[in-house]
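Enquirer: below is the structure, and that's it, no one-letter string:
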C-alpha cells in the first residue's frame, strides 16, 4: 500500500511527464523522399509538426538520407509553421537530426526571407550556414568533374 505522500509524488511526476512530452522522431525521408521539393509535401509535414507542437511535444526531425530540400518545400513547411507558432517555439522545441549544413541553410533562408527570423537573431547562424552551403556546392562541383 502506498502512502498519501507517495501518491502525490507519483501524480506530480505524471503531470510533469505530460508537460514535457518527447515524441518519436519524424523521419523526413519516409514521408517526403530523399529530395523533398513540393509545397504539397511541405504542407503535409507542417500539419504533423503543428499538431505535435500544439500538444507541447518536443519535435525531432530526422533528415537521415535526405540529400537536399527545395526552397518551396522549406517555405511551405517551416516558414508557415514559424508564422503560426512563432520562431521561439520552434527554436525551443525542435531538434534537427542528421541534417546537412546545406539543408539547415535552406530552412533558415526560407524562414529569414519571410520575416519569421529577425535579421539580428539569425545573422550569425545564417552567415555560418551560408558559408557551409557554398562549401557544399563547391565540393559537389569538384566531385562531378
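Expert: Nice, I can see it. This structure is a prediction, so every number in the text was calculated from the model and none was measured. Numbers count the residues shown, from 1 in each chain.
Enquirer: which residues touch residue 80?
Expert: 43, 46 (C-beta atoms under 8 Å, 6 or more residues apart in numbering). The way it works is simple: take the backbone N, C-alpha and C, and place the C-beta from them, glycine included.
Enquirer: for the strand or helix carrying it, buried residues please.
Expert: According to DSSP states H and E, residue 80 maps onto helix 80-85. For helix 80-85, burial by neighbour count (16 or more other C-beta atoms under 10 Å) applies to 80-82.
Enquirer: out of those, flag the one nearest to residue 24.
Expert: Using C-beta to C-beta, residue 81 comes nearest to residue 24 of the buried residues of helix 80-85, at 19.0 Å.
Enquirer: list the contacts for residue 96?
Expert: 61, 63, 103-104, 107.
Enquirer: which stretches of the protein have low pLDDT?
Expert: 1-23, 116-145 (pLDDT under 70).
Enquirer: picking that back up, the contacts of residue 96: which two are farthest apart?
Expert: Spatial extent of those (C-beta to C-beta) is set by the pair 61 and 104 at 10.8 Å.
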